[in-house]
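Novice: A predicted structure for the sequence below; I have some questions about it.
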Amino acid sequence: MNVEHASARLIDGYASGGTDLAADEVWALEAHLEACRICRDRLSDAVTAGAPAVAALTEAVWSDLEQRIAATAPAPPRRLRARLSAWATPAMTPWLAMVLAVTLLALLLDLTGRGSGSGSGSAFRFGSGSGQVSLMLLLAPVLPVCGVAASWSRGLDPAFELTSATPRAGLQLVLRRTASVLAVVIPTLLAGGWATGLTAAQWLLPCLAFTAMTLALGGVIGVTRAAAVLVAAWAAVVVAPTLATSRTAVALGTDGLPVWGLLLALGAAVVIVRRGAYTAPGAHR
């Protein structure tokens, strides 16, 4: 298998501090160095030739570390925890717990409304209208957005500086954390939808579309800000009128599914086209 190695210009520029390299070149080179021993050796030779004082200091540090590591008992393996840490952060745990609690509360209110209300339907009654509105259906599109915002927020992640400095701190990490949120939220919504009689398409397409649009807008104004804007818009345009009239909005009916599918495709396309935007510090706002 042919492997394309980094050019001499990239290696020499990185060894001298990377000031002459573009940000995407530095990111690509660091990602390549993780898997290419040959280029790592070339970089080591370039550092030794261009900055012998730095090379001598690094060698002295490594010599001291090797002695300390050899005298230290190895830590027990934590393979599962290490794998989980690649997909989620400790800061996400309380937010995911809150999302699950809200989902369970909405499910409880829906089931209570079905048991105590009259007429057909499986949702909690609001207002004075004759219709019935499902809280599960109202909240499903925005619940994952809250978890995604928390997983990619600069203010909520104490390891933000370390994370943003890694070569894989771009779109790949965003998608991993988004997938970890969806892996928790979607099964819960699936169980709640089954219990309240909602079809999966009614809440799944809006849920995925909202998540994709959050990531797409997050590449421009930051993921956390994008989540706040979309949640506020959803509350003003859909939730408030629905609760006021006790009638399910058209956007949540079966007629709105093609539109949600289009928004999902559009959001995914924007994320792919602007994938380089997630390496910028502004994406953490």
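Specialist: Nice, thanks for sending it over.
Novice: This protein: helices as residue ranges?
Specialist: Taking DSSP state H as the test, the helices found in the chain are 8-15, 23-35, 37-50, 52-70, 79-85, 92-116, 135-139, 143-151, 160-164, 171-196, 200-221, 223-234, 240-245, 257-273.
Novice: State the mean pLDDT of the fifth one.
Specialist: To tie it back to what came earlier, the one meant is helix 79-85. For helix 79-85, the mean pLDDT works out to 54.
Novice: Could you do the longest one as well?
Specialist: Model confidence over helix 171-196, given as mean pLDDT, is 80.
Novice: Can you give me the buried ones in that helix?
Specialist: 171, 173-174, 177-178, 180-182, 184-186, 188-189, 192-193, 196 (16 or more other Cβ atoms under 10 Å). For the C-beta atoms, the positions are set from N, CA and C on the backbone; glycine is no exception.
Novice: sorry, back to before: for the helices of the chain, which has the smallest mean pLDDT value?
Specialist: Looking at these, the bottom one is helix 79-85 with a mean of 54.
Novice: what residue is smack in the middle of this protein?
Specialist: Nearest to the mean C-alpha position of the chain, by Cα atoms, centre = their mean, lies T178 at 3.0 Å.
Novice: State the distance from the nearest residue to it once chain neighbours are set aside to L230.
Specialist: Nearest residue to T178, sequence neighbours excluded (Cβ to Cβ, 6 or more residues apart in numbering): V148, at 5.2 Å. Distance of V148 to L230, given as Cβ to Cβ, to the nearest Å: 11 Å.
Novice: So those two - more neighbours on which side?
Specialist: Neighbours per residue, other Cβ atoms under 10 Å: of V148 and L230, the larger number sits with V148, 28 against 20.
Novice: coming back round to it: what separation do you get for the residue nearest to T178 and V185?
Specialist: For V148 relative to V185 (Cβ to Cβ), the value is 10 Å.
Novice: And for R9?
Specialist: From R9 to V185 the distance is 46 Å (Cβ to Cβ).
Novice: Also Y14?
Specialist: Counting by Cβ to Cβ, the gap from Y14 to V185 is 40 Å.
Novice: Confirm for me that the residue nearest to the centre of the chain is in contact with A216.
Specialist: No. In this structure, T178 is not within contact of A216 by Cβ atoms under 8 Å, at 11.9 Å.
Novice: hang on, the earlier thing: CSV for the helices of the chain, including distance to A251?
Specialist: Below are these laid out as CSV (distance: least, Cβ to Cβ, whole Å):
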stretch, distance to A251
helix 8-15, 49
helix 23-35, 38
helix 37-50, 51
helix 52-70, 58
helix 79-85, 35
helix 92-116, 18
helix 135-139, 10
helix 143-151, 16
helix 160-164, 35
helix 171-196, 17
helix 200-221, 8
helix 223-234, 9
helix 240-245, 9
helix 257-273, 7
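Novice: List the buried residues in stretch 251-266.
Specialist: The neighbour-count criterion (16+ other Cβ under 10 Å) identifies A251, L252, G256, L257, W260, L263, L264 as the buried residues of stretch 251-266.
Novice: which two from those end up farthest apart in space?
Specialist: Within the buried residues of stretch 251-266, L252 and L264 form the most distant pair, 15.3 Å apart (Cβ to Cβ).
Novice: List the contacts of L107.
Specialist: L135, M136, G192, A195, T196 (Cβ atoms under 8 Å, 6 or more residues apart in numbering).
Novice: now with 10 Å?
Specialist: When the contact criterion is Cβ atoms under 10 Å, 6 or more residues apart in numbering, the partners of L107 are S134, L135, M136, L139, T188, L189, A191, G192, G193, A195, T196.
Novice: now, among those, which is nearest to A22?
Specialist: Closest to A22, out of all of the contacts of L107 and judged by Cβ to Cβ, is L189, at 42.0 Å.
Novice: Would you mind confirming that the closest one is in contact with L135?
Specialist: No. Using Cβ atoms under 10 Å, L189 is not in contact with L135; the gap is 11.8 Å.
Novice: Need the overlap of contacts for the two.
Specialist: T103, A106, L107.
Novice: Relative to G222, which of the residues you listed is nearest.
Specialist: T103 (25.6 Å).
Novice: how many other residues sit next to that closest one?
Specialist: Using other Cβ under 10 Å, the number of residues around T103 comes to 21.
Novice: Y14 too?
Specialist: Residues near Y14, counting by other Cβ under 10 Å: 22.
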